[in-house]
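> sequence unknown, structure follows:
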């Protein structure tokens, strides 16, 4: 996977990242809490204001349906908290939430019919104010998941807009045009919020995926080096810093938790008779950029002798200055002993 969490990534990885982003968007909707009490309180206010315009059974039915929809949303959220949430269920949960948002919005949209029941402009302004505020709040709260945003916005405002455009007077038609402009502005704002939320999720999840993959790669490298008895090391020739892989530490017989590893400490492990050969190989590597490889011995703390094979190369800057020496060290002790044993046996 590329280091860019939303750039040049392999297609399967991009799909996996996109699916994870959608899952986070749906989860964000399900964890939202403030909209339920807001809708419940506002429904009481609207019902108390408009109920005298409708027959009793209509007003009671609207109020009862509204609270049934809110109860369904509460149940859905409770089930969502305990049910398994996986990539395969994301679309299902998102669809359920969008359907619930549509039902809520449809009930809000029906309040626009009050315009047909009274010429009183106070009621008309009340409807515009309520539906405008509900739509703005709904777009902000549902913008994390676009299907939910569309499901809430269109049914909330479209009935009132259509009613305004069917009225014979110019004032209502102008107000309908203003509501259309208001809807367009809200939708543009909602899409911008959605992009911002999605990009934030994509950045965070992409970094998490990179971290997991990097950790897996590092673990695989450590295991492979241990199996092959090959360690890696590098020396910053400018900053004089030194790094060893876990297997290289094991080969050199150094515990980094007990003593601070250094290039000098590693060199001190070299068998005394082999130090001049190692120095020559280092000098040649720095001069040419690529060492020929060298077998030499190491002395452990308990006096045991290890045979290793080391190979190194050097990187340079644009001016030809040596910057870093990178190398590998392989424990060939068992191979060395086996070969010497074979040579001994061939003498007989």
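Sure, I can see it. A quick note: this is a predicted structure, and the numbers were derived from the prediction, not measured. Residues are numbered from 1 along each chain as shown.
> thought residue 128 was touching residue 175?
Yes - with contacts counted by C-beta atoms under 8 Å, residue 128 reaches residue 175, the gap being 7.1 Å. Heads up, the C-betas are built off the backbone N, CA and C, glycines and all.
> What about the nearest residue to residue 271 once chain neighbours are set aside, how many residues nearby?
Leaving aside its sequence neighbours, residue 271 sits nearest to residue 297 (C-beta to C-beta, 6 or more residues apart in numbering; 3.7 Å). Using other C-beta atoms under 10 Å, the number of residues around residue 297 comes to 17.
> Kindly report the same for residue 250.
Residue 250 has 16 neighbouring residues, counting by other C-beta under 10 Å.
> Then the one 5 residues further on?
The burial metric for residue 255, expressed as a neighbour count using other C-beta under 10 Å, is 11.
> likewise residue 164?
Neighbours of residue 164 using other C-beta under 10 Å come to 23.
> Please, which helix or strand holds it?
helix 146-166 (DSSP states H and E).
> what's in contact with that helix?
Here helix 146-166 makes contact (C-beta atoms under 8 Å, 6 or more residues apart in numbering) with 29, 94-95, 97-99, 101-102, 104-106, 108-110, 112-113, 115-116, 127-128, 131, 134-135, 138-139, 142-143, 172-173, 175-176, 179-180, 183, 186-187, 190-191, 194.
> Among those, which are located in helices?
Those of these mapping onto helices are 29, 94-95, 97-99, 101-102, 104-106, 108-110, 115-116, 127-128, 131, 134-135, 138-139, 142, 172-173, 175-176, 179-180, 183, 186-187, 190-191, 194, per DSSP state H.
> Name the spans of the protein whose pLDDT lies under the cut-off.
The chain contains residues with pLDDT under 70 at 1-13, 33-34, 84-88, 208-229, 259-261, 338-348.
> Filter the ones in helices among the contacts of helix 146-166 down to just the buried residues.
Applying 16 or more other C-beta atoms under 10 Å to the ones in helices among the contacts of helix 146-166, the neighbour count classes 29, 94, 97-98, 101-102, 104-106, 108-110, 115, 127-128, 131, 134-135, 138-139, 142, 172, 175-176, 179, 183, 186-187, 190, 194 as buried.
> The stretch 151-300 of the chain: helices as residue ranges?
Under the criterion DSSP state H, counting those that start in this stretch, the stretch 151-300 of the chain contains helices at 170-228, 246-252, 263-267, 275-288.
> Give me the domain ranges for the protein.
Domain assignment for the chain, taken from automatic domain parsing, gives 11-214, 229-345.
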